[in-house]
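> Here's a sequence, model it:
(4 chains)
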Protein chains: 2
Amino acid sequence: MISHLTTPIPQNAQPVLCEAELVAVLVSISHNTPHILTLEHGNSFPSGPLMVEHRSLQKGMRNWVEHQTGLKLGHTEQLYTFADPPHGHGHQMVQISYMAFIRQNSAHSLAERSIYDYFPWEDRRDAASCPLLHVIATRLKQWAADNAQRWQRCATVFGLDNHAWNDELSLPRYELLWEAGLVPESSWQNGPHLPGLSMHRDYRRILATALSRMRAKIRYTPAVFDLLPRQFTLLQLQQAMEALAGRAMHKQNFRRLVQQQKLVSRTAEYDFPPQGRPAQLYQFSPETAEHCYLAGTKLPLPAIS
Amino acid sequence: MISHLTTPIPQNAQPVLCEAELVAVLVSISHNTPHILTLEHGNSFPSGPLMVEHRSLQKGMRNWVEHQTGLKLGHTEQLYTFADPPHGHGHQMVQISYMAFIRQNSAHSLAERSIYDYFPWEDRRDAASCPLLHVIATRLKQWAADNAQRWQRCATVFGLDNHAWNDELSLPRYELLWEAGLVPESSWQNGPHLPGLSMHRDYRRILATALSRMRAKIRYTPAVFDLLPRQFTLLQLQQAMEALAGRAMHKQNFRRLVQQQKLVSRTAEYDFPPQGRPAQLYQFSPETAEHCYLAGTKLPLPAIS
DNA sequence: GCTATATATACTCAATAAGAGCATATATAG
DNA sequence: CTATATATGCTCTTATTGAGTATATATAGC
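Take a look at the predicted model:
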């Protein structure tokens, strides 16, 4: 026996038998806003248990999604795994969550919901969210009271007190609001909650994780191209990046940066808007694609910190 | 029923009952080289099944590690979860892997192994690895033969043909070598394998994941400080970064960049080497710590791509 | 006190990248 | 011809980076 044993494993301890639940956050862009595909009136994600015939977790997840939606998935990544205490009768659950991108205009029968319906404070493309941010700041200040360290944390995460807004901190922001009792999920608090749709179980937390992750991901991989149509204008690309990041950016610089990397190549075609000059259509360069997926890219987004 | 159903779920399909295995890659630095703490002569990681009394996966992992080693864990993160086909009698397994940092000089009874014993090609701090890289390049060229796309992938990942070496690509590199049959784990090939220790099951793949992840992580979080002693010299810090990244860097610039951020503050003490000028001891600034963990840092490392 | 050694600093310089602004071109609808 | 919405081109300034040269400081051993 080891002497410095701190938390002994009891003699009669038993390994848990559990079901593995595969949860899919399916992201797509419509109306210049990131959306998720939901079930149960926006309360739930496509999901299903790992089955005997699934040969891997990811394949199992794809299988369930295809079964429930018939969709082809683009960029796919595992988000996080956690244990879900058995609610009610059943087994212990292990939830394994995935995020996958769906190309724009894919046909499906699920309800789309704007991600910013769930996290209104995360969309800072225009000034509309300012009053909400102000409410949040006030409520957080109350919560922090005279706890300086706590307030420091609020300021960092929400970009208050001369801190910059960091779009990748969606998850810490949600967690902070949860701790502060400002969202309905923090059950002990029934005071006035912030606006924003909620979800079943801990699904809104998973969504916040997905948002953080996708904002990080689109910076240095070509994953956005799995959300856009095969052919797109540079403006569409910029608007997609802005939609995901929740931040507006400088147009000329965006185009300069995109073009000096060799991510996209122009096609022979044009997009004709109802008014105004037609826009050149581009495509994700097939030659550099393989290289980009591995070596990474550096798509322009507002600087963090 | 949905019409475009592609992979129907059979009527008699059953959710799987499985055990969750918690695997811990414990990283520490000794002799200016990143090490892992191993069992079974370097073939295995500390691990154990999720138990009934574990209230979360991470707590379960910590519990097993404490039980097996008595160690306190620093920066901890989940790596990846995957299904492990039942080998032999038992249940289906779900493996949930974690990486955790251990502070230098922590006492424990496990065997330390250099990470670069497993991946000799990943250490490029000096010219010693050049001949090995040359061997790899040759063997990969054979494998790629005249498949241009395949060779393109090799070149990107291993920094051949004027591509830059990207230290974060440890996992893709390992996967490539696996596909090419150059490591003993690719069982169909029994030709001459590259040097480097192997591990049980798919543990070397988990280790490659950990290496990729830690190299990415130390760039933009203060995680390194969980590997160093509480007080350290700037040279120690630089050497730790170099050890993890497997790359040497410019000393003056390193110090400039570290100090212009306010990550570290000098203490009153000095480190006295056997010869030479004593070095100022620094500590991770307690005031900015909280802020750094959330907002991120930008520790200097060789540029990627 | 001198020398070898290993460390800590200071400063310069060129190349680049990023942020922000001004101006103009092009095509369409009405 | 005009209003409009898009696409481009070009110029600044500032910050960041990578690399180099030189110097200062403290110790051990002779």
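> ok, for the spatially most central residue of chain A, nearest residue in space, not its chain neighbours?
Centre of chain A computed as the mean C-alpha position; nearest residue by CA atoms, centre = their mean is residue A:211, 2.0 Å away. Distances taken as CB to CB, 6 or more residues apart in numbering or on different chains place residue A:170 nearest to residue A:211, at 4.2 Å, with adjacent residues excluded. C-beta here means a position set from N, CA and C on the backbone, and glycine is covered the same way.
> Is the one you found in contact with residue A:215, as I believe?
Yes. Using CB atoms under 8 Å, residue A:170 is in contact with residue A:215, at 6.9 Å.
> How far does stretch A:288-303 sit from its chain's centre?
Here stretch A:288-303 is found 19 Å from its chain centre; the criterion is CA atoms, centre = their mean, to the nearest Å.
> List the contacts of it.
Stretch A:288-303 is contacted from outside by A:164, A:167, A:215, A:218-222, A:224, A:241, A:245, A:247, A:249, A:253-254, A:257-258, A:261-263, B:149, B:152-153, B:156-157, B:163, B:166, B:169, B:172, B:304-305, using CB atoms under 8 Å, 6 or more residues apart in numbering or on different chains.
> switch to 6 Å and redo it
A:219-220, A:222, A:245, A:247, A:254, A:257, A:262-263, B:156-157, B:172, B:305 (CB atoms under 6 Å, 6 or more residues apart in numbering or on different chains).
> for stretch A:102-122, same thing?
Outside stretch A:102-122, the residues touching it (CB under 6 Å, 6+ apart) are A:26, A:28-29, A:33-38, A:42, A:69, A:71, A:123, A:132, A:170, A:195-197, A:207, A:228-229, A:246.
> still on that earlier bit, ok, now which ones touch the residue nearest to residue A:211?
A:122, A:208, A:211, A:212.
> pLDDT of the helix or strand hosting residue A:204, averaged?
Element membership for residue A:204 (DSSP states H and E) is helix A:203-220. Across helix A:203-220, pLDDT averages out at 96.
> now stretch A:126-134
84.
> Filter the contacts of stretch A:102-122 down to just the ones in strands.
Mapping the contacts of stretch A:102-122 onto strands (DSSP state E) picks out A:26, A:28, A:29, A:33, A:34, A:35, A:36, A:37, A:38.
> So in terms of bridging, what pairs with the residue lying closest to the fourth one once chain neighbours are set aside?
Nearest non-adjacent residue to residue A:33, counting by CB to CB, 6+ apart: residue A:114, 4.9 Å away. Note on residue A:114: beta-bridge partners by DSSP bridges are residue A:35.
> Neighbours of residue A:114, how many?
18 (other CB atoms under 10 Å in any protein chain shown).
> State the distance from it to residue A:196.
To residue A:196, residue A:114 is 11 Å away according to CB to CB, to the nearest Å.
> residues near the residue of the stretch 1-150 of chain A found nearest DNA strand D, how many?
For the stretch 1-150 of chain A, the residue closest to DNA strand D is residue A:32, as judged by CB to the nearest atom of the strand, at 10.3 Å. Residues near residue A:32, counting by other CB under 10 Å, number 11.
> what does residue A:89 give?
5.
> Helix, strand, or coil at it?
coil (DSSP: H, G, I helix; E, B strand; the rest coil).
> Could you measure from it over to DNA strand C?
Distance, residue A:89 to DNA strand C, using CB to the nearest atom of the strand, to the nearest Å: 53 Å.
> Now residue A:188: closest residue in space, sequence neighbours ignored.
In space, and not counting its chain neighbours, residue A:188 is closest to residue A:181: 6.8 Å by CB to CB, 6+ apart.
> confidence score at the one you found?
93.
> Kindly provide the distance from the residue in the stretch 51-200 of chain A that DNA strand D sits nearest to to DNA strand C.
Taking CB to the nearest atom of the strand as the measure, the stretch 51-200 of chain A has residue A:164 as its residue closest to DNA strand D, at 11.7 Å. Using CB to the nearest atom of the strand, residue A:164 is found at 10 Å from DNA strand C.
> Which residues of the stretch 101-250 of chain A lie near chain B?
Applying CB under 6 Å from any CB of the partner chain, we find that the stretch 101-250 of chain A lies next to chain B at A:156, A:157, A:172.
> thinking again about what came up before, among the contacts of residue A:170, which one has the most neighbours?
Of all those, residue A:211 has the most neighbours under the rule other CB under 10 Å, reaching 29 neighbours.
> all helices for the stretch 51-200 of chain A, in order.
For the stretch 51-200 of chain A, applying DSSP state H, counting those that start in this stretch gives helices covering A:57-69, A:115-118, A:130-144, A:148-158, A:170-179.
> pLDDT below threshold where in the stretch 51-200 of chain A?
For the stretch 51-200 of chain A, the stretches with pLDDT under 70 are A:88, A:189.
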